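# sequence-free structure coming up:
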């Protein structure tokens, strides 16, 4: 794998590949395949050894906000297939630690500890703290629900995932830590955003260039965690 990649868009346009609609392939599948074959980030991910094009989203976010510092400990929620964990491991280096969490199985990755777990299960917090050896510097979440096509339903589902990721982040982050999570366009809901702003000194929204133009996803980047005192 190429180490120390950047979030800059991959160069070169190349020739556009057209995919014929096969007899047993739906037109939507054909469109998806054609988009994959002509996506420069898919090609760059294959060339550089990343497991997904999503790696370039995190590279760009980190180039801008510098959350993955050398020696940092990182938890990557919804990590499968592992692109974000690969980037995190590169950027924190040999002195850092990366823990990849997903309900799906993840094939082994160099310098990454993998934990199959559900963020909605109560015991997941303790399992993460045990595997990470204590509180961590960064919590990443690229989790997204399966799309239903109903905008309001999809929005509620992803907000539920962000809330679950935030609850975990509060429990496992060190003071001064960072939280990065996928949300839907329009930003984070008012009440949830107010909670995040209470707990973090800086809260920003960003849409990496590697996000597809038609995608509603954007990312929330919260820096300098300030845990609330116990009641």
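Thanks, I have it. Bear in mind that the values here come from a model prediction, so they are computed numbers and not experimental data.

# Then residue 127 would be within a strand, right?
No - under DSSP: H, G, I helix; E, B strand; the rest coil, residue 127 falls outside any strand and is assigned helix.

# tally of neighbours for it?
Neighbour count for residue 127, taken as other CB atoms under 10 Å: 15. C-betas here are computed from N, CA, C, even on glycine.

# Roughly how far does it sit from residue 172?
From residue 127 across to residue 172, the span is 11 Å (CB to CB, to the nearest Å).

# same question, residue 89
Distance from residue 89 to residue 172, by CB to CB: 18 Å.

# neighbour-wise, which of those two wins?
Set residue 89 next to residue 172 and count neighbours by other CB under 10 Å: residue 89 wins out with 24 against 21.

# and the more buried one, what element?
Per DSSP states H and E: residue 89 is located in helix 83-92.

# now for this structure, which residue lies nearest the mean position of the chain?
By CA atoms, centre = their mean, the chain has its centre lying nearest to residue 142, at 2.8 Å.

# Roughly how far does that residue sit from residue 170?
Counting by CB to CB, the gap from residue 142 to residue 170 is 19 Å.

# so who does residue 92 touch?
Residues near residue 92 by CB atoms under 8 Å, 6 or more residues apart in numbering: 68, 69, 70, 71, 72, 73, 74, 98.

# ok, now with 7 Å
Residues counted as contacts of residue 92 (CB atoms under 7 Å, 6 or more residues apart in numbering) are 68, 69, 70, 71, 72, 74, 98.

# what about it, distance to residue 74?
6 Å.

# Which other helices and strands does the longest helix seen in the chain contact?
If you go by DSSP state H, the chain has its longest helix at helix 151-172. The contact analysis (3 or more CB pairs under 7 Å, 6 or more residues apart in numbering; DSSP states H and E) places helix 151-172 against strand 73-77, helix 124-132, strand 136-141, strand 173-184, helix 190-199.
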